[in-house]
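*Asks:* this is a predicted model, with the sequence first.
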Amino acid sequence: MHAIRHLTVSLAMNPISRRPLLLGAAPFAVLAAFALAGCGGTNGLGHGEAAPTVSVQPRPEAVWPAWTGTSSRAPGAEAATRQPPPRPLKGLARVGSGGLASVDVHAVLRADPRTKPLADRGEIDRPGRAGLRPPKFLDLTGDKKPEMLVAADTESGRSVLAVYREEGGKVYPILFTSGRNLAVETIGPDLLVRTPCSDGGEQAVRFHWDGARMSTVSDIKNYKNSKDSKDSKNNKLSGRPAGPLQPQLQPQPEAGTSTPPTPPTPPTPSKSASPSPSPSPPPSP
């Protein structure tokens, strides 16, 4: 800036040399413009501009917390492709303004042919028993009307999960899946169903509302614990310790004491060597 001001004063005082000085001042003006532009922010935000908000990713939340972590087969979910849309259950009264929360759970299960054998079971409040878990009501479809989630545990350790939706006063089944020791969680509007596997791993199936039913969007099996469980099982069968083998250490003398030197071992004569003959006396004259 001082150089530009000095050039301006010189041009005013010397009109004859104004033209060549203007040509020579052009590079300095360009450099000054680049220097001023370099003072701007490098993060893409202007002065006083607020940074964009960061969206927080949803984390799994247990639907039945007591059953979380108790979850050897993968949950079987009905495929969403090439299937007609769900039909309303028959034999149920029209759902009122109270939504599915005002409907008898046992009546809904009796109206569904797949859950009818479990309809008359009693309610349980913790795992390890056979019966119906407390029903849960969550909005999984985004229509501001909570769906009904019902899970039943059987004596064999197998569990069943059913989800129902209300539309136009009718009840529609939108999900039916089963597995051993189901642990059900929510990730935003999605459902995550976890089950343990017989090889020590875990399978997690994620369901998402596709406009007609809860369809599978991911099916992941985690093998991170399978190697550890197999090694532990093999160690038990062979009688080896579970941890890594430690090298055998020789006893060391205590601090402040000296170890007496070991006397050298005398050499052992060789059996193949014969004694040297003694010299014979000289003959007599």
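*Replies:* Nice, thanks for sending it over. Residues are numbered from 1 along each chain as shown.
*Asks:* quick check, His106 in a strand?
*Replies:* No. With DSSP: H, G, I helix; E, B strand; the rest coil as the criterion, His106 is located in helix rather than a strand.
*Asks:* in the stretch 51-200 of the chain, which spans are helices?
*Replies:* 105-111 (DSSP state H, counting those that start in this stretch).
*Asks:* any stretches of it with poor pLDDT?
*Replies:* Confidence mapping of the stretch 51-200 of the chain against pLDDT under 70 gives the ranges 51-59, 68-82.
*Asks:* for it, what spans make up the strands?
*Replies:* Under the criterion DSSP state E, counting those that start in this stretch, strands of the stretch 51-200 of the chain are mapped to 61-62, 76-77, 131-132, 136-138, 147-153, 158-167, 170-180, 183-187, 190-196.
*Asks:* JSON lines please, covering those strands and showing distance to Arg213.
*Replies:* Every C-beta, even on glycine, is put in place using the N, C-alpha and C of the backbone. Formatted as JSON lines, those follow (distance: least, CB to CB, whole Å):
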{"stretch": "strand 61-62", "distance to Arg213": "22"}
{"stretch": "strand 76-77", "distance to Arg213": "10"}
{"stretch": "strand 131-132", "distance to Arg213": "22"}
{"stretch": "strand 136-138", "distance to Arg213": "16"}
{"stretch": "strand 147-153", "distance to Arg213": "11"}
{"stretch": "strand 158-167", "distance to Arg213": "9"}
{"stretch": "strand 170-180", "distance to Arg213": "4"}
{"stretch": "strand 183-187", "distance to Arg213": "17"}
{"stretch": "strand 190-196", "distance to Arg213": "12"}
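*Asks:* quick one: closest of the ones you listed to Leu100.
*Replies:* Of all these, strand 147-153 sits nearest to Leu100, with 4.2 Å by CB to CB.
*Asks:* for Leu149, what are its contacts?
*Replies:* By CB atoms under 8 Å, 6 or more residues apart in numbering, the residues touching Leu149 are 63, 135-138, 161-163, 184.
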